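K.L.:
quick check, what structure comes out for this input:
(one chain, ligands or ions: 2)
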Amino acid sequence: MPDPYSGRCACGRITYAFTAAPDFIANCYCQDCQRSSGSVLASYFRVDVDDFTLLSGTPRSYGYTADSGNTLVRSFCPDCGSRLVNEQLAGFPGKMFVMLGSLDDPELIAPPMMEIFTAHRTSWTKPLDVPQHWARPDADPAVVAARIAAGELPGGCG
Ligand SMILES: [Zn+2]
Ligand SMILES: [Zn+2]
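P.N.:
Ligands and ions are numbered 1, 2, ... in the order given. Predicted coordinates for the structure are as follows:
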């Protein structure tokens with residue numbers, strides 16, 4: 001039986017599949033998601049590394065340090081540039097985050113359960129009716145508020 005979830009990059013050279021329904025789905029407004037997607041937010045979900053199968057192609061990876069101080073790599077198709085996954089996450093061992101729009105059928109995934117790094121949300125983007133977090137969900141709101149007041153908006157997720 002084929003895996004119930006599958007996806008690919010825009011050119012189709014990279015394809016993947018996984019079996020288990022994601023337990024975390026979010027809209028992220030962090031600066032890294034904005035710059036790397038070229039849009040004002042990115043929707044992604046979490047899967048187990050052990051459950052994720054790369055079926056074809058070889059992604060290229062770009063490493064960065066998140067606002068949390070944790071390292072990770074963002075992997076994308078070297079031919080068409082589609083962003084596919086965040087992986088090798090120091091803060092989430094054994095997990096990876098897949099870009100929701102790369103799924104063959106995004107409707108198979110539940111809607112986002114929270115929105116994060118909303119400190120960077122554009123004024124014309126309306127919040128969903130789900131929990132809202134200025135930075136990472138586990139960040140101290142008072143610390144984040146002080147950083148925003150000091151002009152230090154939280155940077156990248158991960
Ligand atoms: Zn591609
Ligand atoms: Zn992000």
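K.L.:
helix or strand for I148, which one?
P.N.:
Using DSSP states H and E, the element containing I148 is helix 141-149.
K.L.:
what lies in contact with that helix?
P.N.:
119, 134-135, 153-154 (Cβ atoms under 8 Å, 6 or more residues apart in numbering). In this view, the C-beta of every residue, glycine as well, is placed from N, C-alpha and C.
K.L.:
turn these into TSV, columns for secondary structure, neighbour count and distance to S102.
P.N.:
TSV is the format used below for those (DSSP: H, G, I helix; E, B strand; the rest coil; neighbours: other Cβ atoms under 10 Å; distance: Cβ to Cβ, whole Å):
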residue	secondary structure	neighbour count	distance to S102
A119	helix	20	26
W134	coil	22	27
A135	coil	26	25
L153	coil	16	27
P154	coil	25	25
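K.L.:
looking at these, which is nearest D50?
P.N.:
A135 (28.7 Å; Cβ to Cβ).
K.L.:
tell me which parts of this protein are close to ligand 2?
P.N.:
Within the chain, the positions adjacent to ligand 2 are 28, 30, 33, 157 by Cβ under 5 Å from the ion.
K.L.:
same thing but at 6 Å, please
P.N.:
28, 30, 32-33, 42, 117, 156-157 (Cβ under 6 Å from the ion).
K.L.:
secondary structure element for C33?
P.N.:
Assigned by DSSP H and E, C33 falls in helix 31-37.
K.L.:
who are the packing partners of that helix?
P.N.:
Helix 31-37 sits against strand 42-48, strand 71-76, with contacts defined as 3 or more Cβ pairs under 8 Å, 6 or more residues apart in numbering; DSSP states H and E.
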